[in-house]
Structure formats: structure tokens, C-alpha cells
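> Fold the following and give me the result.
(chains A and B, ligands or ions: 1)
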Amino acid sequence: MIAKLFFGLIGLAVAPVLGGIIAGLDRRVTARMQSRFGPPLLQPFYDVLKLLGKRPSAVNAWLVLCSYLTLMSSALAVFLFFFQADLLLIFFVMTIGAVFQVMGALSVNSPFSQVGAQRELLQMLAYEPLIIMVFVGIALKTGSFSIENIYALEQPLLFSLPILFLALGVALTIKLRKSPFDISTSHHGHQEIVRGLLTEYTGPQLAMLEIAHWLDVVLILGLCSLFWSTGMIGMLVLLAATYFVEMLVDNISSRLTWQWMLTRVLAPTMVLCLVNILWLYTL
Amino acid sequence: MKFDLQQWINTGRLKSPWVAHYDCGSCNGCDIEVLACLTPVYDVERFGIINVGNPKQADVLLVSGTVNPRNRVVLKNLYDQMQHPKAVIALGACGLNGGIFQEAYNVVGGVDKVIPVDVYVPGCPPKPEAIIDAVVVALGKIKEQLEKADRGQAVNG
Ligand code: SF4
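Below is the predicted model of the structure:
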């Protein structure tokens, strides 16, 4: 128990640094794909530090409260993951953060923020069932929702749940808000209803949401890593490959509508998930 | 070694100037040059410069074109919405003093008639290199501001 607690705290300390470096790498590799040179690796840290130093001027108290709650729930979710807690608990904690982020955006009258918040709700509607399906698959395979049991497996989950891994990849793209799913907000400064969801978050609040986003990325990559729980090297290769494909897809696709996301992506992926789960039963 | 958060924040400020661009009725010549800076040829992201559409998240305001009585209110409003520390860059002959439209009945004149300007970029239109250089000079101005503030009192922003 003490060892697990220790592990959780270490994970919580390392995750923001790791998330920032992943974001920096992402921006660099994206720039190379567009035949640009790209920003320094530490650019995300510079951005966040600068935002933290801005004079606070939030429009209302809700925005401030919501950004704190979002950051806290993301941090708690990461802690619980490294603590090897229950998968469903992690999922619910993660959802709380996402909901508060939307609440903050909805508390302002700005139409950009409002539209962005509505779209973010739709995006949540798209990735949450997928993640639940993945957890159900894992539970059917290992017999419980606990992360510990996954590490007890002898064969990587990827072999028995390949389609669910694909679904997790789709959920990752939606959660990361990468093209074609950068519908509620975009990482590129000027795009999609002036960054929709994030329009009204400024200075320190924006910095907190950025850190929360890094934590979310680490958490979801952590969930991906569960699919190769038997070896460190295999796990790293799997994660690197997954994230590289994310970046590739981001750069070769254009933004699509939420209708497309729900009808052409969510529905077929759910069916494929069911196929994978049925296949588990027949084995 | 002392852990100095303020020092880190100042480093961040100098390495991540986010730019908001407002077109006060320019002929589009200057605007095209601003956009040229974002292309792979000039790639301003190397310096951490990002073109954001939102004054509330921006550090540097790029203004192009002639100010007229209609849009001076908007310009002032945008400037007020930006959070400290911030800098303003006036682009092109029009931004400096009205340029070739100086004498028109509806032209107020340069951007500095409405808001304080830190850097002036001459040219009609200015070259992209000059615009990138202006942002770097503006960072120097912000740094000066910060140092002055540090000597006076420890202010946050
Ligand atoms: S300075 Fe020249 S290019 Fe720029 S807006 Fe004025 S007339 Fe157009």
C-alpha cells in the first residue's frame, strides 16, 4: 500500500513534465511534417510560465473555480492511475474535470465560448462510450476493473483486444482534439471559432487548463500502455507508434463536423468494439 | 541555487510572444505580409510566436492600416482587453501616420493617436523580415518594462 502510494505521488510529479515534453515534441514533429523548423522543445513550458505571469483578469469567478477544479481532477486521475486504482473510478474522476471545463466556458456570454462548450459536450459524448467499452473489454478479459490484474497477465492485452485498442486510439484523437476532431477548440491559435472552448480562459486560468491537458494526455497514453503490460520496451514502442500515428493523422486530415464524428466515427467504432467483445466470449 | 519563479516567468515572457493582428482598414498589403510570416519560409513559430485570434490571450498587438473614427473605438477596446505585460506594433506607412491616406477626410492618423505604440515598422508594405524583427524588438521593450518594474517593486505582470 505504501509502495503504491509512493508510486502514485511519483507519477503525479513526473506527469506534468512528461506531458509538456510530449506537447513540445508534438509541435516540433508537426512542424517538420509541414517542412518548417518548429519551436524549441521546451516551448510549451515557456508558454505556460508566461501565462502564469499574466495579470489575472478573469471575467467571472466561475471561470477561476472551474479551471482549478479541472486541474485538480486531472491531477487526481493521474494519481489514481499510478496508484493502480480502479479503472472506472479513474474514468469518473477524469470526466468531472472535463465537465467543469465546459461549465466554465458556459458561464460566459461570449458566443464563441458557448458554441465551443456545446461542441465539447458532443466530443465528450463521442469519446466516453468508447473508453467505457475499452474498460468493459479489459474487465471481461482480466475479471476485474483493477489495474493490478492487468499487470498480472502473461500475454499483452493487445492480442486479445486489438479492435478495442483501435477504439482507444480514436478516443485519444477526440480527447486530444486533433484533426479531424478539433471541433470544440484547436491547438492552432487562430482557428475554429477563436479556440471556442478556450476563448474566455485567459492568463493563469489558461495555463492551468494547459497543464490539465498535459495530464490528460499522460493519462490516456497510460491507458494505451496497459495494452502491452508485459514488457517495458514493447510498451514504449507501442506508445511511440500510437502517438506518431496521432500526429500523422492530425497533419493529413482536415477538420470535420460533429455530425460526421457521431454518425461516421462513433457508431461504426462502437459496433467494432462489440465485435471484439463478442469474440472474447467465443474464445 | 535559489528557485526564482519570477525569473522563470520572465524567461517565458521573452520566449513566447503571442500575436494578435488587427486590421484597421488596411489595403490588405500589410495583412498579406503578416500572414507570410506564418508560412514555412519564415516560420515564426521558431521564436515561439503564435498568431492568436483573441486579444485576451495575446502579448503583442499588430495593427495595420489607417485608423478612422469608426474603428478607433474597436482598437482601444482590443488594447484594453489585453493583459499586462503587452506591446503594440504599428505596421506600414498607414499605421505610422496614415500613409497615402493621410489626407483623407475620415483618417485619424497613426495608431499612436489612439493607443501607445512601442515599435513602428515602416514600409508599404513592410517586409516579413521587418515584421519578425519588430516582434523581437517589442520583446526587448517588454523586458525593459519588466526590469523597471522589478527595480520599483515586485509586481506580478
Ligand atoms: S502601408 Fe501600404 S500596404 Fe500597408 S495598408 Fe497602408 S497602403 Fe496598404
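
> Now for B:Tyr42, how many residues are close by?
Here the count is done by other CB atoms under 10 Å in any protein chain shown, and B:Tyr42 has 18 residues near it. For every residue, glycine as well, the C-beta is placed using N, CA and C.

> So it is in contact with B:Ala36, correct?
Yes: counting by CB atoms under 8 Å, B:Tyr42 touches B:Ala36, with 6.4 Å between them.

> Which neighbours do the two have in common?
Both B:Tyr42 and B:Ala36 are contacted by B:Pro128, under the criterion CB atoms under 8 Å, 6 or more residues apart in numbering or on different chains.

> Quick check: A:Gly19 touching A:Glu210?
No: the pair A:Gly19 and A:Glu210 does not pass the contact test of CB under 8 Å, sitting 9.3 Å apart.

> Helices of chain B, residue ranges please.
Along chain B, counting by DSSP state H, helices occupy B:5-15, B:29-38, B:72-81, B:92-97, B:128-152.

> What residues does chain B have near the ligand?
Taking CB under 6 Å from any ligand atom as the contact definition, chain B meets the ligand at B:26-27, B:29-30, B:64-65, B:92-94, B:99-100, B:124-125.

> can you rerun that using 8 Å?
B:26-31, B:33, B:64-66, B:91-95, B:99-101, B:123-126 (CB under 8 Å from any ligand atom).

> Just give me the neighbour total for A:Val249.
16.

> what about the helix or strand containing it, distance to the chain center?
Using DSSP states H and E, A:Val249 falls within helix A:232-252. Distance of helix A:232-252 from the chain centroid (CA atoms, centre = their mean, to the nearest Å) equals 14 Å.

> and A:Thr230, that one's in a helix?
No: in this structure, A:Thr230 is coil, not part of a helix, as judged by DSSP: H, G, I helix; E, B strand; the rest coil.

> Spit out the contact partners of it.
So A:Thr230 contacts A:153-156 (CB under 8 Å, 6+ apart).

> can you count the residues close to B:Ala58?
So B:Ala58, with other CB under 10 Å, has 26 neighbours.

> residue contacts, it?
B:18-20, B:52, B:82, B:86 are the contacts of B:Ala58 under CB under 8 Å, 6+ apart.

> Residue ranges in chain A under the pLDDT threshold?
Where chain A drops to pLDDT under 70, the residues are A:188-192, A:283.

> Helices of that one, start to end?
Under DSSP H, chain A gives helices at A:2-33, A:43-52, A:61-82, A:87-106, A:111-142, A:147-151, A:157-160, A:162-176, A:192-195, A:203-225, A:232-252, A:258-260, A:267-282.

> rewinding a little: rebuild the contacts of A:Thr230 as CSV, extending it with distance to A:Leu278.
Shown next, in CSV, are these (distance: CB to CB, whole Å):
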residue, distance to A:Leu278
A:Leu153, 21
A:Glu154, 23
A:Gln155, 20
A:Pro156, 21
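
> In PyMOL, how would I select the buried members of the residues you listed?
In PyMOL syntax, the buried subset of the contacts of A:Thr230 is picked out as below (16 or more other CB atoms under 10 Å in any protein chain shown):
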select buried, chain A and resi 156
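
> so how many other residues sit close to the closest residue to B:Gly110 other than its chain neighbours?
In space, and not counting its chain neighbours, B:Gly110 is closest to B:Asn97: 4.4 Å by CB to CB, 6 or more residues apart in numbering or on different chains. Using other CB under 10 Å, B:Asn97 is surrounded by 17 other residues.

> separation between B:Asn97 and the ligand?
Using CB to the nearest ligand atom, to the nearest Å, we find B:Asn97 at a distance of 10 Å from the ligand.

> Could you do A:Ser67 as well?
Taking CB to the nearest ligand atom, one finds A:Ser67 at 39 Å from the ligand.

> Endpoint to endpoint, stretch A:45-60 covers what distance?
Using CA to CA, to the nearest Å, the end-to-end distance of stretch A:45-60 comes to 26 Å.

> follow-up on the earlier one: next one: the residue nearest to B:Gly110 from A:Thr70, what distance?
Going from B:Asn97 to A:Thr70 by CB to CB, to the nearest Å gives 47 Å.

> on that earlier part again, could you dump the contacts of B:Ala58 to TSV with pLDDT, neighbour count and distance to chain A?
Formatted as TSV, those follow (pLDDT from 0 to 100; neighbours: other CB atoms under 10 Å in any protein chain shown; distance: CB to the nearest CB, whole Å):
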residue	pLDDT	neighbour count	distance to chain A
B:Trp18	87	18	7
B:Val19	87	24	9
B:Ala20	88	25	9
B:Val52	85	21	4
B:Met82	86	24	9
B:Lys86	84	23	9
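
> Widest-spaced pair of the residues you listed?
Spanning the widest gap among the contacts of B:Ala58 are B:Val52 and B:Lys86, at 12.6 Å by CB to CB.

> Would you mind listing what in chain B touches chain A?
Within reach of chain A by CB under 8 Å from any CB of the partner chain, chain B has these residues: B:6, B:8-13, B:15-16, B:18, B:40, B:43, B:45-48, B:50-54, B:56-57, B:59, B:83-85, B:156-157.

> Can you flag the buried ones in those?
If we count by 16+ other CB under 10 Å, those have these buried: B:8-13, B:15-16, B:18, B:43, B:45, B:47-48, B:50-54, B:56-57, B:59, B:83-85, B:157.

> Restricting to C-alpha, output stretch A:46-54 in PDB.
Extracted C-alpha coordinates of stretch A:46-54, given in PDB (Å, rounded to 0.1, in the frame of the first residue of the first chain):
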ATOM      1  CA  TYR A  46       7.600  28.900 -21.800                       C
ATOM      2  CA  ASP A  47       4.000  29.400 -22.900                       C
ATOM      3  CA  VAL A  48       2.600  28.100 -19.600                       C
ATOM      4  CA  LEU A  49       5.100  30.100 -17.500                       C
ATOM      5  CA  LYS A  50       4.300  33.300 -19.400                       C
ATOM      6  CA  LEU A  51       0.600  32.700 -19.000                       C
ATOM      7  CA  LEU A  52       1.000  32.200 -15.300                       C
ATOM      8  CA  GLY A  53       2.800  35.600 -15.100                       C
ATOM      9  CA  LYS A  54       0.000  37.500 -16.800                       C
END
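
> ok, the spatially closest residue to A:Ala139 that is not a sequence neighbour - how many residues close by?
Of all residues not flanking A:Ala139 in the chain, A:Phe145 sits nearest, at 5.1 Å (CB to CB, 6+ apart). Neighbourhood size, A:Phe145 [other CB under 10 Å]: 18.

> now do A:Ser254
7.

> residues contacting it?
A:179-180.

> Got phi/psi on it?
Phi and psi for A:Ser254, reported as degrees, to the nearest 10, are phi -110, psi 170.

> how close does the nearest residue to B:Ile115 once chain neighbours are set aside get to A:Asp182?
Spatial nearest neighbour of B:Ile115, chain neighbours left out: B:Tyr79 (4.4 Å); criterion: CB to CB, 6+ apart. Note on B:Tyr79: its distance to A:Asp182, by CB to CB, is 29 Å.
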